[in-house]
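Undergrad: structural data only, the sequence is not supplied:
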């Protein structure tokens, strides 16, 4: 497990993110959750994920000049 979130709703109030290398891994993890008393209502398999780390804000020179004059 890499992330667990408990939401403030009645049903579907637990979000669990896991990492596996095969469908057997996911099945084993799902079975473990069932054994712990959790009901899995939906599951999703992510193929890939891309993120962009924060770099900086891009200001035009005109906006930067106006901010300096203020």
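TA: Arrived safely. Just so we're clear, the structure is a prediction, and the values are computed from it rather than from any experiment.

Undergrad: buried sites along the biggest helix by length in the chain?
TA: Looking across the chain with DSSP state H, the single longest helix is helix 23-35. Using 16 or more other C-beta atoms under 10 Å as the test for burial, helix 23-35 gives 29, 30, 33. Every residue, glycine included, has its C-beta placed from N, CA and C.

Undergrad: for this structure, just list every one of the helices.
TA: Using DSSP H, helices in the chain cover 23-35, 61-69.

Undergrad: worst mean pLDDT among the ones you listed?
TA: Of all the helices of the chain, mean pLDDT reaches its minimum on helix 61-69 (a mean of 63).

Undergrad: sorry, back to before: just curious, which of the buried residues of helix 23-35 is nearest to residue 9?
TA: Residue 9 has its nearest neighbour among these in residue 33, at 18.1 Å by C-beta to C-beta.

Undergrad: so what pLDDT did the spatially closest residue to the closest one that is not a sequence neighbour get?
TA: Closest residue in space to residue 33, ignoring its immediate chain neighbours: residue 40 at 5.9 Å, by C-beta to C-beta, 6 or more residues apart in numbering. Note on residue 40: pLDDT of 84.
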